[in-house]
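1. show me the folded form of this:
(one chain, ligands or ions: 3)
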Amino acid sequence: MSTLRLDLPGGGYPIHIGSGVLGSADLLRAPVSGDRVAIVTNEVVAPLYLARLTEALAPFDPAVVILPDGETQKALGTIDRVVGAFLEARCDRATTIFALGGGVVGDIAGFAAAVYQRGVPFVQVPTTLLSQVDSSVGGKTGVNHALGKNMIGCFYQPKAVIIDTATLATLPDRELSAGLAEVIKYGAIGNRTFLEWLEQNMEALLRRDPGALAYAIETSCRDKARVVMADEREAGVRALLNFGHTFGHAIEGAMGYGRWLHGEAVAAGMLMAARLSERLGWLAAGEGERLRALIQRARLPLAPPAIAPQRFLELMAVDKKATRGRTRFVLLRALGDAFLTDDVPEEALMALLNAGA
Ligand SMILES: NC(=O)c1ccc[n+]([C@@H]2O[C@H](COP(=O)([O-])OP(=O)(O)OC[C@H]3O[C@@H](n4cnc5c(N)ncnc54)[C@H](O)[C@@H]3O)[C@@H](O)[C@H]2O)c1
Ligand SMILES: O=C(O)C(=O)C[C@@H](O)[C@H](O)[C@H](O)COP(=O)(O)O
Ligand SMILES: [Zn+2]
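-> Ligands and ions are numbered 1, 2, ... in the order given. Modelled structure (predicted):
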């Protein structure tokens, strides 16, 4: 097992990574400060891992909230239902909330914990590759709105992140690939050495080699923690973690939440951002091709679905990175060297959208 730390002025937390840590009573009970716990999970994850978490938390007798599966659950109505379940179970301010599941459960449970009685402690126990490398770390919580992805939420840091890599054994292949999109993102935005490692180890990751997965998860969490420690509230460098997301979130919204997985939309979005970088003369063609090849080997989509350019623009107009009415994009100077800019001529953007990628 390895442990990283994410330190912030408001208090830091450990990120424990290891196979079988879901069975570790010591690790799971350490972040519990009060005398009660509640677990938020979903109908897919509960039959697989709820008993193990409940056993590890004994003698606490957790209140359990089991949500339906899927991205469409990331909606304000779900927060109302989760808060209702907490109230019915008489959860008080000394109740620690555990999020057991993928990014959807983590974003919902984290936001519910942030607003329940104005804030109760919570712990992330991520069970998808995507949530283990990205969503469980850094404190972005929230839900979607019909007009935009993650439009309702807040920054609210967990007390601990406990990553049991053994849970990935039951993850469907399509979900594993979706997680690899965010892993590739770390290489593309700021870690060329890691990108080269991914080029050499993609097959090992796809066949779920435990050593390769552990290395990819640890490197991703370390990179993300470093960025979050430098800029918790996304005033600057944290925006780079949004590489591929300006296009990706628009794809998710245009298709209807859940049709394209988040990681799939981010993969196509990263390639759109790379192509835009090439069109604007920032990125050499060979670099974009290298990213395309890696995304293809991760079994991820290489191009967006058919979306009218006007619709794309409408959806991107609400992107949270926009300032003074101008959409900002994360572009590449090279693989491993990303930057944020609002200096994207409309003709270049329209040419990209009209080209279908
Ligand atoms: N907060 C953040 O910083 C952040 C970062 C990245 C993504 N996100 C959000 O995360 C969400 C995507 O997360 P995700 O990719 O984990 O999707 P998800 O939570 O929908 O999980 C994917 C699927 O796998 C199932 N599942 C979970 N663990 C499993 C396991 N061990 N075995 C078998 N099945 C399992 C889930 O029930 C679901 O069907 C999106 O809403 C995205 O916006 C948030
Ligand atoms: O943690 C971050 O910061 C990220 O941008 C990570 C992204 O992978 C993630 O999808 C995040 O939820 C996007 O945030 P948003 O602010 O663009 O909604
Ligand atoms: Zn993401």
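
2. counting neighbours, what do you get for the residue in the stretch 201-350 of the chain positioned nearest to ligand 1?
-> Nearest residue of the stretch 201-350 of the chain to ligand 1 (C-beta to the nearest ligand atom) works out as His262 at 4.0 Å. To be clear about C-beta, it is placed using only N, CA and C from the backbone, and glycine gets the same treatment. The tally of other residues near His262 (other C-beta atoms under 10 Å) stands at 28.

3. just the C-alphas of the longest helix belonging to the chain, formatted as PDB.
-> Counting by DSSP state H, the longest helix found in the chain is helix 210-230. C-alpha atoms of helix 210-230 as PDB (Å, rounded to 0.1, in the frame of the first residue of the first chain):
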ATOM      1  CA  PRO A 210      -2.000  -5.000 -11.000                       C
ATOM      2  CA  GLY A 211       1.400  -3.400 -11.000                       C
ATOM      3  CA  ALA A 212       0.700  -1.200 -14.100                       C
ATOM      4  CA  LEU A 213      -2.700  -0.100 -12.700                       C
ATOM      5  CA  ALA A 214      -1.200   0.700  -9.300                       C
ATOM      6  CA  TYR A 215       1.500   2.800 -10.900                       C
ATOM      7  CA  ALA A 216      -0.900   4.600 -13.200                       C
ATOM      8  CA  ILE A 217      -3.300   5.400 -10.200                       C
ATOM      9  CA  GLU A 218      -0.500   6.600  -8.000                       C
ATOM     10  CA  THR A 219       1.000   8.800 -10.700                       C
ATOM     11  CA  SER A 220      -2.300  10.300 -11.600                       C
ATOM     12  CA  CYS A 221      -3.300  11.000  -7.900                       C
ATOM     13  CA  ARG A 222       0.200  12.500  -7.300                       C
ATOM     14  CA  ASP A 223      -0.100  14.800 -10.300                       C
ATOM     15  CA  LYS A 224      -3.700  15.800  -9.400                       C
ATOM     16  CA  ALA A 225      -2.800  16.400  -5.800                       C
ATOM     17  CA  ARG A 226       0.100  18.700  -6.800                       C
ATOM     18  CA  VAL A 227      -2.200  20.800  -9.000                       C
ATOM     19  CA  VAL A 228      -5.000  21.000  -6.400                       C
ATOM     20  CA  MET A 229      -2.500  22.000  -3.600                       C
ATOM     21  CA  ALA A 230      -1.200  24.800  -5.900                       C
END
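
4. let me know the next secondary structure element after it.
-> helix 245-255 (DSSP states H and E).

5. tell me the mean pLDDT for that following helix?
-> Average pLDDT, helix 245-255: 98.

6. which helices and strands does it pack with?
-> The contact analysis (3 or more C-beta pairs under 8 Å, 6 or more residues apart in numbering; DSSP states H and E) places helix 245-255 against strand 148-155, helix 262-279, helix 309-317, strand 329-334.

7. most tightly packed of these?
-> Stretch with highest mean neighbour count among the helices and strands packed on helix 245-255: helix 262-279 (a mean of 26; mean count of other C-beta atoms under 10 Å).

8. now do the strands in the stretch 1-150 of the chain.
-> 2-6, 13-18, 36-42, 63-67, 95-101, 122-126, 140-145, 148-155 (DSSP state E, counting those that start in this stretch).
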